[in-house]
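Visitor: The sequence and its predicted three-dimensional model are supplied below.
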Amino acid sequence: MRETLRKVFGFHEFRPNQEPIVEAIMAGRDVFAVMPTGGGKSLCYQLPARMTGRTAVVISPLISLMKDQVDAARANGLRAAFLNSSLSAAEKGRVYGQLRSGRLELLYLAPERLNLGGFLESLAGMPISLFAVDEAHCVSEWGHDFRPDYLSLSAIKKAFPQVPLAAFTATATLQVQADVLGRLGLADPLVVRASFDRPNFFIEVRPKDSAEDQALDFIRERPGQAGIVYRTSRKSVEHTAFFLERHGVAVRPYHAGLPDDERKANQEAFRKDQVDVVVATIAFGMGIDKPNVRFVVHADLPRSIEGYYQEIGRAGRDGEPAHCLLFFGGGDVPKLRHFIDEIEDEKVRRAAARRLARMVEYAESRVCRRKSLLDYFGEKYWEPNCHAAADPQAGGGCDVCRAEASGVAVPQVDATVDAQKLLSAMARTDQRFGAKHVIDIVVGAKTERILELGHGQLKTYGVGREHSREHWRRVLDEMLARRVVVREGDEYPVLKMTALGAEVLRGKCPFTMDALPEPAEPAAARESARGKGRKKAAKKPAVSPPGPMRAENGPLFERLRALRLKLAEEQGVPPYVIFHNRALQEMAERRPTTLAEMAEINGVGEAKLDAYGKLFADEIEAFLGER
Ligand code: ADP
Ligand code: ZN
């Protein structure tokens, strides 16, 4: 196995979890693996594909991605092909011929092909070593990305009980995992849940004020870096792309409403590093395999944490520092609720509302972002501070931990009595009401609802008159963020007390929160985020962004990059199919000038050594000679 790893892929070590997965597949066992984007899933089936000498059938949802996958596999010398609707009958015939003869190592298919009558049966006589299912979460209706076509995959295990089936995904809660295992009918599989943590991510939420200005400021601080700006609607995508372009950013829009060729051209321009930024709806991404995306900005609130995590997952696949920035303003929530209200199926609607509520909770929370996200996927993060824990080279961390680590954390004040007032109002109304009503009670508002329900008679009615609604709103937000209370219910969420909340109410546990802010400090910005003020002051974060990313642009690196670009253009493939930045960096550092030295570079397997080794070694030689 290690020999193949080295010779074919040019890697010296397995990444975490790759080895046990490959071993299981080689032993004929089913696998279910949740591994983060960039974790190295494809190697898990490509390596067995080479070793068994028969064909691995790979089910992958996106036709647009297949050609790149096949190109990348071929660049490593693997005999790979794909079958999808973009091929002519003659081309399909050729692929079938290769398959029958046992010469193919990898066959990529779209799931809809399995639905074609008799297709699965036609594979019966073929030399198939394994089935690999990519993006396996698409098979679950519980997930955020269900694809009806994927249901047909349950037929695989029935038709080929003896052939190992390995399912891979980068996003699955435990519930989705259970569902996928059942639907695919995996028999006693090896289940791997790799850590979801992406240590090279800096994860940040900033109050949204004017998303476009804010995005522009952010992008200007990162000249030449590749990044994605996500927006909810096609209209806002167009608008923001135009706005950025007007301000000198090399940018293209991407959404499902653009003409096919224009959409493709825009994606290509981004993929090939011809523009820096793409402004896109969530339609953009699945087909993007670009390793050097340095930032992902969400200018609007995503609908779910799964979606959000998958979108930011497109950043930093090369392991270099990447910045994930979400602009959050309360104003986004009603818009998303409106979308959700229009969902007809009640079950689906409730699930969508629940996911949105969790997303809002995340954005408002003052808990470590990493901890919150990992917690959502059922993983425990043990480090007390993710910013302090991040290797400085890796560039990771989060806004919450950074503030804490740099000592600029807002001072804390005791707010136990305020919290008790809110909790008491909740308790006296049987925890059946939402935030607005609970605050109405505490401030003694005379709303119709209060009169109707007789809540003016409650002991807590008006006990918080001395403060504004904004004050109570803020206390409640902090209580939510610290999980003293939680929101429950989908369409009309009500506030419930947690065990911690009961302790606070009984005076067993103090409740502290950020001291009231000076003007233009984070909480003031948070108020404006709710649409109360539109002051420019909110635009600057209280803490300055992390320092510049690790520099990689030595003159030799740039030369190698130029050579790579030239070769990529000649061959019509994206540059990373030739070599990843990582490999180029290593070359620039170690300066191999012979083929033997070149073979030592990570990512240079035999096929790439043959195809490009000499060209790159000569380039390095020439560079050294000129100095
Ligand atoms: P995923 O499909 O999980 O998102 P990929 O299979 O695309 O990830 O792999 C991500 C990157 O990691 C690729 O550039 C790949 O070449 C690289 N990679 C995979 N396995 C290894 C390894 N064992 N050592 C070094 N790099 C690896
Ligand atoms: Zn953190």
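Guide: Received, thanks. Ligands and ions are numbered 1, 2, ... in the order given.

Visitor: and the residue nearest to Glu488 when sequence neighbours are not counted, what element?
Guide: Nearest residue to Glu488, sequence neighbours excluded (C-beta to C-beta, 6 or more residues apart in numbering): Lys496, at 4.9 Å. For the C-beta atoms, the positions are set from N, CA and C on the backbone; glycine is no exception. Per DSSP states H and E, Lys496 falls inside strand 494-497.

Visitor: Give the buried residues for that strand.
Guide: Val494, Leu495, Met497 (16 or more other C-beta atoms under 10 Å).

Visitor: Could you dump the residues you listed into a markdown table with pLDDT and distance to ligand 1 added?
Guide: Output for the buried residues of strand 494-497, formatted as a markdown table (pLDDT from 0 to 100; distance: C-beta to the nearest ligand atom, whole Å):
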| residue | pLDDT | distance to ligand 1 |
| --- | --- | --- |
| Val494 | 90 | 40 |
| Leu495 | 93 | 39 |
| Met497 | 92 | 41 |
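
Visitor: thinking again about what came up before, what about the residue nearest to Glu488, distance to ligand 1?
Guide: Using C-beta to the nearest ligand atom, to the nearest Å, Lys496 is found at 38 Å from ligand 1.

Visitor: ditto for Asp414
Guide: Distance, Asp414 to ligand 1, by C-beta to the nearest ligand atom: 47 Å.

Visitor: tell me the contacts of that residue?
Guide: Counting by C-beta atoms under 8 Å, 6 or more residues apart in numbering, Asp414 touches Pro510, Phe511, Thr512.

Visitor: Could you check the pLDDT of the first one?
Guide: Turning to Pro510, the model gives it a pLDDT of 86.

Visitor: In three-state terms, how would it be classified?
Guide: Assigned with DSSP: H, G, I helix; E, B strand; the rest coil, Pro510 falls in the coil class.

Visitor: thinking again about what came up before, kindly state the beta-bridge partners for the residue nearest to Glu488.
Guide: Note on Lys496: beta-bridge partners Val486, judged by DSSP bridges.

Visitor: Which residues does stretch 496-504 contact?
Guide: 416, 419-420, 423, 426-427, 431, 479, 482-488, 505, 509-511.

Visitor: Ligand 2 versus the residue sitting furthest away from the middle of the chain, what's the distance?
Guide: The centre of the chain is farthest from one residue, Gln457, which by C-alpha atoms, centre = their mean lies 49.2 Å away. To ligand 2, Gln457 is 45 Å away according to C-beta to the ion, to the nearest Å.

Visitor: Closest one to Leu186 out of the contacts of Asp414, please.
Guide: Nearest to Leu186 among the contacts of Asp414, counting by C-beta to C-beta, is Phe511 at 46.3 Å.

Visitor: Any stretches of this structure with poor pLDDT?
Guide: 286-287, 391-393, 407-411, 490-491, 515-553 (pLDDT under 70).

Visitor: domain assignment for the chain?
Guide: 2-193, 201-406, 412-514, 555-625 (automatic domain parsing).

Visitor: quick one on the thing from earlier: reformat the contacts of Asp414 as JSON lines; add distance to ligand 1.
Guide: Formatted as JSON lines, the contacts of Asp414 follow (distance: C-beta to the nearest ligand atom, whole Å):
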{"residue": "Pro510", "distance to ligand 1": "45"}
{"residue": "Phe511", "distance to ligand 1": "42"}
{"residue": "Thr512", "distance to ligand 1": "41"}
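
Visitor: Was I right to think Ile343 contacts Arg355?
Guide: No - using C-beta atoms under 8 Å, Ile343 makes no contact with Arg355, being 11.7 Å away.

Visitor: Residue numbers of the stretch 1-150 of the chain in contact with ligand 1?
Guide: Selection of the stretch 1-150 of the chain residues close to ligand 1 by C-beta under 6 Å from any ligand atom yields 11, 13-15, 18, 35, 37-43.

Visitor: Ok, the chain next?
Guide: With the criterion set to C-beta under 6 Å from any ligand atom, the chain comes near ligand 1 through 11, 13-15, 18, 35, 37-43, 291, 317, 580, 602.

Visitor: Which ones among those map onto strands?
Guide: If you go by DSSP state E, the residues of the chain next to ligand 1 have nothing in strands.

Visitor: From these, list the buried ones, please.
Guide: Buried among the residues of the chain next to ligand 1 (16+ other C-beta under 10 Å): 11, 14, 18, 35, 37-43, 291, 317, 580, 602.
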